[in-house]
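Student: My questions are about this predicted structure, shown below with the sequence.
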Amino acid sequence: MNQQERTKILQDIFGYFLQITQWLPNNIDIAAEYVCKAEALIEYLEVIDCGSIGGFDPDNPIKRLGRQKFPSSEFELYNRFLALIRKHNTKLKKECGFTINNMTKYFKIISELRENV
C-alpha cells in the first residue's frame, strides 16, 4: 500500500470518529455503526503494519518502555488510530473544525466527565 492510499484510509477513519462525536449521546446506535467502521479499517492497517491487531507492534509510537510517549485520549480505539498516524508521521486534513489533537482532547474530556458524574 502506498502512502496516498494509507492517508486516504486514515482520513476516512478520522471522519468516522467525527461522526461518532456528532451522534453521541443522542443516537448510540448510529454512533456504534461508526465505531465498527473505524475499528475495521484500524484493524486492516494494523495487520498491514505488524501482522496483528490491537497495538501489539513493538515499534508502536504510542507506548515505549511502558510509558506514554504521546497523550492518551482515554478511548483505546482512538489511541490505536493515533498510533497508526504516528507510525508514519501522517498528516491529516482538519474536518468540521476538528484536528487530531482537539479530537484527542474531546475524547479525554468526555471520559473525565463520566468519571466525575
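Tutor: Good, I have the coordinates. Numbers count the residues shown, from 1 in each chain.
Student: Distance check, residue 92 against residue 29.
Tutor: The gap separating residue 92 from residue 29 is 27 Å, by C-beta to C-beta, to the nearest Å. To be clear about C-beta, it is placed using only N, CA and C from the backbone, and glycine gets the same treatment.
Student: Give the residue from those two that has the larger number of neighbours.
Tutor: More crowded of residue 92 and residue 29, by other C-beta atoms under 10 Å: residue 92, with 15 against 7.
Student: Reduced to three states, what does that one come out as?
Tutor: Put simply, residue 92 is coil when judged by DSSP: H, G, I helix; E, B strand; the rest coil.
Student: for it, what are its contacts?
Tutor: By C-beta atoms under 8 Å, 6 or more residues apart in numbering, the residues touching residue 92 are 7, 10-11, 14, 85, 100.
Student: so which of those comes closest to residue 107?
Tutor: Taking C-beta to C-beta as the measure, residue 107 lies nearest residue 100 of the contacts of residue 92, at 11.1 Å.
Student: does residue 54 count as helix, strand or coil?
Tutor: Following three-state DSSP, we place residue 54 in the coil state.
Student: where's stretch 17-24 relative to the chain centroid, distance-wise?
Tutor: Averaging C-alpha positions (C-alpha atoms, centre = their mean, to the nearest Å) puts stretch 17-24 12 Å from its chain's average.
Student: May I see the buried residues of that stretch?
Tutor: For stretch 17-24, the neighbour count (16 or more other C-beta atoms under 10 Å) marks 17-20, 23-24 as buried.
Student: Over to stretch 85-94?
Tutor: By 16+ other C-beta under 10 Å, the buried positions in stretch 85-94 come out as 85, 87.
Student: Would you format the buried residues of stretch 17-24 as a markdown table with distance to residue 46 and pLDDT included?
Tutor: Formatted as a markdown table, the buried residues of stretch 17-24 follow (distance: C-beta to C-beta, whole Å; pLDDT from 0 to 100):
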| residue | distance to residue 46 | pLDDT |
| --- | --- | --- |
| 17 | 16 | 97 |
| 18 | 21 | 97 |
| 19 | 21 | 97 |
| 20 | 19 | 96 |
| 23 | 25 | 95 |
| 24 | 24 | 89 |
